[in-house]
Each structure stands twice: as C-alpha cells, then as structure tokens.
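[1] What follows is a predicted protein model with its sequence.
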Amino acid sequence: MPKIADIEGTPNKNALKFILKEPLTWGIACSYDNAEAAKDDPLAAALFDIDHVTNVFYIDHWITVTQDGEANWQDLAREIADPIRAAPAATAQSAQVVATANETLAHLSPEDQLRLERINILLDEEVRPYLQHDGGDLHILALEGNILRIHYQGACGTCPSSISGTLRGIENMLKSIEPDIQVIAS
C-alpha cells in the first residue's frame with residue numbers, strides 16, 4: 001500500500017501530482033480519460049468514482065489526477081488520497097506487462113524499429129523528464145511513414161500548451177534526427 005510522500009501542483013491548474021514512497025508500477029504507464037476506460041483498473045476505477053475526477057495517470061512512484069475545475073483541491077485531494085493509499089504496490093507481474101507492451105510495435109519493419117528506437121532515446125533524454133516532472137508523459141501510439149502518433153498522459157493530456165507549443169517543440173527536436181517527421185497528438 002503506497003504512502004503519499006508529497007503532493008505537487010502542475011502547470012495544469014486542474015491536475016495534482018501525488019508523489020509516492022512505493023511504486024504503483026515498474027515502468028508501466030497507466031492513463032485513463034474516463035471511467036469506462038478505467039473499469040479494469042481497480043485504482044483508477046476507484047478514483048473515477050470520486051466526483052469531479054476526469055483523468056487518471058500513474059507510473060512508478062507518482063500519480064496525477066485531473067479534475068473538471070469545479071472542486072476545491074484541498075477537499076478533493078483528501079478524497080483522492082484514500083484509494084491511492086489502498087492500492088497495491090508494484091509486483092513482479094509488472095515485468096511481464098512491460099514485455100507485452102513492448103510487443104505492440106513489434107510489427108514494424110527492422111528499419112522502422114531502428115527509427116523508433118532513435119526517437120525514443122531522444123524523447124527519453126530530452127522530453128519525458130520534463131513532462132514527468134510536471135505530472136504527465138507521452139506514449140507513442142504509432143509510427144506510420146513520417147507520421148509519429150503520440151498520446152499525452154496525465155496533466156499533459158488536458159493542458160492547452162501540450163497540444164500547441166509542446167507538440168511543436170517535440171516535433172522540431174525530432175526533426176534533428178528525422179527531418180521529415182510530423183508529430184500528431186491523439
């Protein structure tokens with residue numbers, strides 16, 4: 001059962017980042033935009049049962065919860081803390097889930113797998129640390145020719161700057177290794 005070490009604001013005023021003492025996952029990002037999507041995840045489902053919760057994103061030692069802007073964060077944070085504390089910490093089964101997740105892009109040609117590897121290295125070094133610091137992340141959905149489809153997670157998913165400025169910044173950075181790439185957020 002993870003204990004909450006700290007609670008931080010994010011650039012998105014409707015999202016809070018809860019820093020945990022124990023991990024919820026080991027490298028597996030869980031992102032949900034609604035209760036229906038979260039129905040098979042007990043922690044996320046419990047959080048969506050709380051009025052005003054609109055998005056849940058967690059990975060490793062932190063979880064970001066976004067609200068609709070209608071609730072007082074002080075009261076809502078207290079409600080959110082209970083399901084987080086009741087959630088099980090990461091288990092060895094997480095390693096299998098990571099392996100399965102890595103297979104989702106395995107259908108790519110060897111050339112595209114190398115391209116994706118280079119893209120991920122750049123994202124891991126230059127983009128993800130900043131997004132994660134602010135309570136979010138991004139997940140690559142597909143690499144189709146010169147189009148890279150990404151999905152923002154956590155606080156980034158509903159932050160206006162992630163759809164415009166951040167997206168263009170990511171695309172411009174990736175152009176240093178893939179000059180013709182277009183990045184599209186889904």
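    Yep, it's here.
[2] What's opposite Val183 in the beta bridge?
    Leu148 (DSSP bridges).
[3] I'd like the distance between it and Ala45.
    31 Å (CB to CB, to the nearest Å). C-beta coordinates here come from the backbone N, C-alpha and C atoms, glycine included.
[4] which one of those two has more residues nearby?
    Val183 (21 against 17; other CB atoms under 10 Å).
[5] what residues are up against that one?
    Applying CB atoms under 8 Å, 6 or more residues apart in numbering, we find Val183 in contact with Leu148, Ile150, Leu167, Ile170, Glu171, Leu174.
[6] isn't the last one right up against Asn120?
    No: the pair Leu174 / Asn120 is not scored as a contact, 10.6 Å apart, by CB atoms under 8 Å.
[7] neighbour-wise, which of the two wins?
    Set side by side, Leu174 and Asn120 show more neighbours around Leu174, with 20 against 13, by other CB under 10 Å.
[8] Buried residues in stretch 176-186, which are they?
    Buried residues in stretch 176-186, counted by 16 or more other CB atoms under 10 Å: Glu178, Ile181, Val183, Ala185.
[9] and stretch 115-130, C-alpha only, in CSV?
    Only the C-alpha atoms of stretch 115-130 are listed here, as CSV (Å, rounded to 0.1, in the frame of the first residue of the first chain):
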residue,chain,number,x,y,z
ARG,A,115,13.9,4.8,-36.3
LEU,A,116,11.5,4.3,-33.3
GLU,A,117,14.5,3.4,-31.1
ARG,A,118,16.3,6.6,-32.0
ILE,A,119,13.1,8.6,-31.5
ASN,A,120,12.6,7.0,-28.0
ILE,A,121,16.1,7.7,-27.0
LEU,A,122,15.7,11.4,-27.8
LEU,A,123,12.3,11.5,-26.1
ASP,A,124,13.7,9.8,-23.0
GLU,A,125,16.6,12.2,-22.8
GLU,A,126,15.1,15.5,-23.8
VAL,A,127,11.3,15.4,-23.4
ARG,A,128,9.9,12.8,-21.0
PRO,A,129,11.8,14.0,-17.9
TYR,A,130,10.2,17.4,-18.2
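[10] And the contacts of that stretch?
    105, 108, 137-138, 140, 143, 148, 170, 173-174, 176-178, 181.
[11] ditto for stretch 71-78
    Looking at what lies outside stretch 71-78 - CB under 8 Å, 6+ apart - the contacts are Ile7, Leu16, Ile50, Asp51, His52, Val53, Gln67.
[12] I'd like those residues laid out as JSON lines, including neighbour count and pLDDT.
    What follows is the contacts of stretch 71-78, written out as JSON lines (neighbours: other CB atoms under 10 Å; pLDDT from 0 to 100):
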{"residue": "Ile7", "neighbour count": "13", "pLDDT": "95"}
{"residue": "Leu16", "neighbour count": "21", "pLDDT": "96"}
{"residue": "Ile50", "neighbour count": "15", "pLDDT": "98"}
{"residue": "Asp51", "neighbour count": "11", "pLDDT": "97"}
{"residue": "His52", "neighbour count": "18", "pLDDT": "97"}
{"residue": "Val53", "neighbour count": "24", "pLDDT": "98"}
{"residue": "Gln67", "neighbour count": "22", "pLDDT": "97"}
